[in-house]
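Visitor: Next comes the sequence, and after it the predicted model I'd like to discuss.
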Amino acid sequence: MRGGRIGPRTTAEHTTDHRFSQAIGGIEYDPTHGPQIGKRAVGSMLLIERALVRRLEQRAEAAWPREICGLLVGQKGEERRLVCEAVPLANCADSSDAFSATPLDVLEVEQRARRGGLVVVGVFHSHPGGSASPSSADLKSAIDGYGRHHSWLILPIRLGRATDPSAWTLDRTGRRFAPEHLIDTD
Ligand SMILES: [Zn+2]
């Protein structure tokens, strides 16, 4: 994310589910080694409660055509990120199809997460134009700035209605986005 003015803080969306070691959608989740199917670990994934994604989509629909953004807080494995909470941030970008949060807001979320034994695992933002893929600006932000090691959750909004969300992370080259599995922890 890029810097900008200091915007108002918004309240956090909380999930009620903080279970870390249990079967999730048929996948056994091990907090140390992550989800596994049989003995084979599956690829990069973002584990998030569907109801939490829906609440973010509703927020994005209400803000449309403005773009919303925020951070995902939870637990992180090598290729697995488990989301416990989504924290919306004020979008300070000038245009309606871009996002930018202040370093102060980001720092505050990071510090609060750490106090709770958690870390920032991802960035979320909406695409008011409806695109499901990361933009070139998203890629630049991921490569050059904040979010290099994070999941990128994209909420496409077409004509005010949320469509299929997607998650992305930089691949091993660190120069391209690769899709992540979105796993519902409901
Ligand atoms: Zn984007």
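Guide: Looks like it came in fine.
Visitor: Under the pLDDT cut-off, which ranges of the chain? List them.
Guide: Low-confidence segments of the chain (pLDDT under 70): 1-42, 96-97.
Visitor: Taking it, what residue is nearest to the ion?
Guide: Ranking the residues of the chain by distance to the ion (CB to the ion) places residue 138 first, at 4.0 Å. Placement of C-beta: from N, CA and C, glycine included.
Visitor: Do I have it right that that residue meets residue 153?
Guide: No - the pair residue 138 / residue 153 is not scored as a contact, 11.2 Å apart, by CB atoms under 8 Å.
Visitor: Looking at those two, which has the bigger crowd around it?
Guide: More crowded of residue 138 and residue 153, by other CB atoms under 10 Å: residue 153, with 26 against 21.
Visitor: and the more buried one, what is it in contact with?
Guide: Shown in contact with residue 153 (CB atoms under 8 Å, 6 or more residues apart in numbering): 46, 48, 53, 56, 72, 122-125, 165-167, 182.
Visitor: could you redo the last one with a cut-off of 7 Å?
Guide: With CB atoms under 7 Å, 6 or more residues apart in numbering as the criterion, the residues that contact residue 153 are 46, 72, 122, 124, 165, 167.
Visitor: I'd like these as JSON lines, with distance to residue 85 and secondary structure appended.
Guide: Formatted as JSON lines, those follow (distance: CB to CB, whole Å; DSSP: H, G, I helix; E, B strand; the rest coil):
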{"residue": "46", "distance to residue 85": "14", "secondary structure": "strand"}
{"residue": "72", "distance to residue 85": "8", "secondary structure": "strand"}
{"residue": "122", "distance to residue 85": "11", "secondary structure": "strand"}
{"residue": "124", "distance to residue 85": "11", "secondary structure": "strand"}
{"residue": "165", "distance to residue 85": "17", "secondary structure": "coil"}
{"residue": "167", "distance to residue 85": "16", "secondary structure": "strand"}
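Visitor: Show me which of those are buried.
Guide: Of all the contacts of residue 153 considered here, the ones buried according to neighbour count by 16 or more other CB atoms under 10 Å are 46, 72, 122, 124, 165, 167.
Visitor: Strands of this protein, residue ranges please.
Guide: 13-14, 23-24, 27-30, 34-37, 40-41, 45-48, 69-76, 80-89, 119-127, 151-158, 161-162, 166-170, 177-184 (DSSP state E).
Visitor: among those strands, which is the most enclosed?
Guide: Comparing those by mean neighbour count (mean count of other CB atoms under 10 Å), strand 45-48 comes out on top with a mean of 27.
Visitor: Grab the CA positions of that one and hand them over as PDB.
Guide: Listed in PDB are the C-alpha atoms of strand 45-48, where the atom choice follows Å, rounded to 0.1, in the frame of the first residue of the first chain:
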ATOM      1  CA  MET A  45      -3.900 -21.300   0.200                       C
ATOM      2  CA  LEU A  46      -5.900 -18.700   2.100                       C
ATOM      3  CA  LEU A  47      -8.200 -20.100   4.800                       C
ATOM      4  CA  ILE A  48     -11.100 -17.800   5.600                       C
END
